[in-house]
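K.L.:
Generate a structure from the sequence data that follows.
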Amino acid sequence: MEWTLADPLMDVEDIIEMADGYFVDTGEVLKKDKQLFRKHLTVACTVQVFDRSKEFIAVCRDEGKMVGYCWFDRYGYATYSTEEISNAKFHHVDSSLSARLRIRLINEMIDQHILWANNCGVPIICSTSIRPEHSAFMKIHAKRGFTVNGSYAWIRTEEGMKCLMK
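P.N.:
Model (predicted):
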């Protein structure tokens, strides 16, 4: 398996296909719009080609097939703090993979988030889930040293780096 930065010409459609199975479309609160997602994803991947400090989108492929992708942004702030936050937009893995492999890929995504935030000088990392069942995902974060509150997981980047060094 190999991780690469998402290519705006080669990876967008595979990401959209995988994401479609994850997006929650209740029809009451959130409504999916694949075209809008395609636009935002293509723009972000293109910007990443020229400036890797804005957003981070990576894909993992195994023998040419995409098995996972992650997307992180930055410039988030709590309304009561001046410290910048990098938010994880997505951690998606192929649901047909074994649980062990899915956990491994999510851990690799968390590693990448910590390393990217550290490289960009972002002091706080946040990972969230809107899925109804998020306990296993949050448990992975808790084992990595994140503070978990419901469907939110937070860690100071410097603490995340210490955990990587173990």
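
K.L.:
What residues sit buried inside the longest helix that the chain contains?
P.N.:
Secondary structure of the chain per DSSP state H: the longest helix is helix 99-120. Buried residues in helix 99-120, counting neighbours by 16 or more other Cβ atoms under 10 Å, are found at 101-103, 105-106, 108-110, 112-114, 116-118, 120. Every residue, glycine included, has its C-beta placed from N, CA and C.

K.L.:
Paired strands for the following helix or strand past that helix, with orientation please.
P.N.:
Per DSSP states H and E, helix 99-120 leads on to strand 124-128 as the next helix or strand towards the C-terminus. Sheet pairing of strand 124-128 (DSSP bridges) gives strand 85-93 (parallel), strand 152-156 (antiparallel).

K.L.:
Just say which of these is most tucked in.
P.N.:
strand 85-93 (a mean of 21; mean count of other Cβ atoms under 10 Å).

K.L.:
what's the helix or strand hosting residue 3 in contact with?
P.N.:
Using DSSP H and E, residue 3 falls within strand 2-5. Outside strand 2-5, the residues within contact range by Cβ atoms under 8 Å, 6 or more residues apart in numbering are 48-49, 52, 56-62, 108, 112.

K.L.:
next one: stretch 82-99
P.N.:
18-19, 21-22, 65-78, 101-102, 105-106, 109-110, 113, 116-117, 120, 122-128, 137, 157.
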